[in-house]
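Engineer: Provided below for reference: sequence and predicted model.
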Amino acid sequence: MFYSILLLIHVLAAIIGMGATFAFPVISNSARNLPQLKHTLGLLKRLELFPMIGGALLIITGIIMGFLTPAYFKEIWFVGSIVLYIVVEFLIYVVIGSKMKKVVPLVMSSEGDEIPNEYMAVAKSTAPIHMVVTLLAVIIIILMSAKPF
């Protein structure tokens with residue numbers, strides 16, 4: 001019974017935490033002018049709590065399930081999912097996050113309708129990273145669902 005509840009929490013955390021992996025790039029690319037971008041960045045700031053909580057619950061419940069079923073630590077799908085998830089978190093919070101932290105204050109202090117070139121450059125440079133993160137999220141979902149190895 002405990003394992004089933006833990007699994008339910010894990011799946012819900014995956015939806016909440018990894019769902020943002022798919023949604024955030026779509027939301028962030030929707031702004032067409034500076035006022036829209038400011039609104040979008042404010043919205044993303046309010047929404048970032050969901051992937052933080054979901055992501056933390058995801059890794060915690062996954063590791064607990066691993067300790068409840070130690071054989072999982074010998075399975076490629078399990079260990080691979082954890083490693084890939086750590087890579088995803090690194091790319092999102094360290095690589096993309098560090099670039100965005102530098103440019104968001106500039107955007108928020110800008111005036112007019114034009115999106116600053118600095119923001120456009122960061123958005124362009126992080127787009128391939130977002131694609132990699134999305135691909136890794138899909139691979140993790142496949143590994144956790146199909147357990148192929």
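Structural biologist: Perfect, thanks for sending it.

Engineer: Now do the SS call for the spatially most central residue of the chain.
Structural biologist: Of all residues in the chain, the one closest to the mean position by C-alpha atoms, centre = their mean is Thr21, 3.9 Å from it. When classified by DSSP: H, G, I helix; E, B strand; the rest coil, Thr21 comes out as helix.

Engineer: Surely it touches Leu135?
Structural biologist: No: with contact defined as C-beta atoms under 8 Å, Thr21 does not count as touching Leu135 (10.0 Å). Heads up, the C-betas are built off the backbone N, CA and C, glycines and all.

Engineer: before we move on, back to that, now the residue nearest to the centre of the chain: closest residue in space, sequence neighbours ignored.
Structural biologist: Nearest non-adjacent residue to Thr21, counting by C-beta to C-beta, 6 or more residues apart in numbering: Ala137, 4.5 Å away.

Engineer: by contact count, what packs against whichever strand or helix holds the one you found?
Structural biologist: For Ala137, the host element (DSSP states H and E) is helix 117-146. Other elements packing on helix 117-146 under the criterion 3 or more C-beta pairs under 8 Å, 6 or more residues apart in numbering; DSSP states H and E are helix 2-28, helix 76-89, helix 97-109.

Engineer: which residues of this protein score low on pLDDT?
Structural biologist: Applying pLDDT under 70 to the chain picks out no residues at all.

Engineer: Not including adjacent chain positions, what is the nearest residue to the residue of the chain most remote from its centre?
Structural biologist: For the chain, the largest distance from the centre (C-alpha atoms, centre = their mean) belongs to Gly112, which lies 30.9 Å off. In space, Gly112 comes closest to Leu34 once its chain neighbours are excluded; the distance is 6.0 Å by C-beta to C-beta, 6+ apart.

Engineer: And for Phe78?
Structural biologist: Tyr72 (4.2 Å).

Engineer: Okay, that neighbour and Ile82: tell me how far apart.
Structural biologist: 10 Å (C-beta to C-beta, to the nearest Å).

Engineer: out of the helices and strands packed on helix 117-146, nearest to Pro128?
Structural biologist: helix 2-28 (11.0 Å; C-beta to C-beta).
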